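A.B. asks: pasting the structure only:
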Ligand code: PMP
């Protein structure tokens, strides 16, 4: 695989980052994952905008190559011959060459890394016909989940807890209400109404979430942006998640209780179809 590090395209085994890099020592980094379908980027502009926001919120410098990010993504797709998959991008605050809690001075350049993940068959995932089973866990992440940082230990633990329970993912609970999945936004469906948590600092503002809500509105579905409990979700007609790597994925079981008929619901299936079709049309 050819990867990108600070201005260079290199074979992955030649790519290096300092052991003093703050993303390594302090998780002082932000990231984006953009999906690729048919060799084209899905919602690149949305991801670039959110990256810029994450950087601003953390007072992190923009990498010099910020305005070239589209070209870099495209070049990596080309060099690695990606038809379906993802591009991972990370910006870290870099390092002045020592371990220090204080941010380094402004002349220290941020570290920029990108690599591809080849996932043939991503859009036709058989999992979408089966649906995800999820467990609920306490949300023990930090309070600024609207910033897409590389502090992913708790979400990793959540995925491990889900796996140990024979499930696919975990929905996190705070003050009795679902915040989101470990790496996705959470939704329930009641009749013709789609319910998903309102935006705030408690969840990541999903790029897929924004697109799916737009498509749902265009398809005359009703939308309620509010929080919901696990009990309400278990009693809903349908449930699903969204993310750049799963698109729209039905959820068929929550803490062992079947949602609706225990099979993917028609609204989730339709939204997945619309999302894939419309996103492909405007992919760049
Ligand atoms: N919430 C969390 C916690 C996530 O990690 C992700 C995916 N990175 C999402 C939601 C979904 O965001 P997006 O649709 O932009 O992939």
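C.D. replies: Noted; the coordinates are in hand. If you're wondering where the values come from, they're calculated on a predicted model, not measured in any experiment.
A.B. asks: C-alpha from now on. contacts and neighbour counts both.
C.D. replies: Noted.
A.B. asks: what sits against the residue positioned nearest the centre of the chain?
C.D. replies: In the chain, the C-alpha nearest the mean C-alpha coordinate belongs to residue 243, at 4.8 Å (C-alpha atoms, centre = their mean). By C-alpha atoms under 8 Å, 6 or more residues apart in numbering, the contact set of residue 243 is 183, 184, 185, 206, 207, 208, 209.
A.B. asks: redo these as CSV? Include secondary structure and distance to residue 139.
C.D. replies: Listed next are the contacts of residue 243 as CSV, based on DSSP: H, G, I helix; E, B strand; the rest coil; distance: C-alpha to C-alpha, whole Å:
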residue, secondary structure, distance to residue 139
183, coil, 13
184, strand, 14
185, strand, 14
206, coil, 18
207, helix, 21
208, helix, 22
209, helix, 20
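A.B. asks: is the ligand within reach of stretch 212-231?
C.D. replies: No. Stretch 212-231 does not reach the ligand (C-alpha under 6 Å from any ligand atom); its nearest approach is 9.3 Å.
A.B. asks: helices of the stretch 151-284 of the chain, start to end?
C.D. replies: Assigned by DSSP state H, counting those that start in this stretch, the stretch 151-284 of the chain shows helices spanning 153-164, 207-218, 230-234, 266-282.
A.B. asks: to residue 83, which of these lies closest?
C.D. replies: The minimum distance between residue 83 and the helices of the stretch 151-284 of the chain falls on helix 266-282, with 12.2 Å, by C-alpha to C-alpha.
A.B. asks: partner residues bridging the residue nearest to the centre of the chain?
C.D. replies: residue 247 (DSSP bridges).
A.B. asks: the closest residue to the ligand within the stretch 1-150 of the chain sits in which helix or strand?
C.D. replies: With C-alpha to the nearest ligand atom, the shortest gap between the stretch 1-150 of the chain and the ligand falls at residue 33, namely 6.5 Å. Taking DSSP states H and E as the definition, residue 33 sits inside strand 29-37.
A.B. asks: is whatever helix or strand comes next after that strand positioned near the ligand?
C.D. replies: Once strand 29-37 ends, the next helix or strand along the chain (criterion: DSSP H and E) is strand 40-41. No. Using C-alpha under 6 Å from any ligand atom, strand 40-41 never reaches the ligand; the gap is at least 13.0 Å.
A.B. asks: what distance separates the very next helix or strand once past strand 40-41 from the centre of its chain?
C.D. replies: Under the assignment DSSP H and E, the closest C-terminal helix or strand after strand 40-41 is helix 44-57. Relative to its chain's centre, helix 44-57 lies at 13 Å (C-alpha atoms, centre = their mean, to the nearest Å).
A.B. asks: what sits up against helix 44-57?
C.D. replies: The contact list for helix 44-57 (C-alpha under 8 Å, 6+ apart) reads 30-34, 61-62, 70, 147-149, 207, 283-284.
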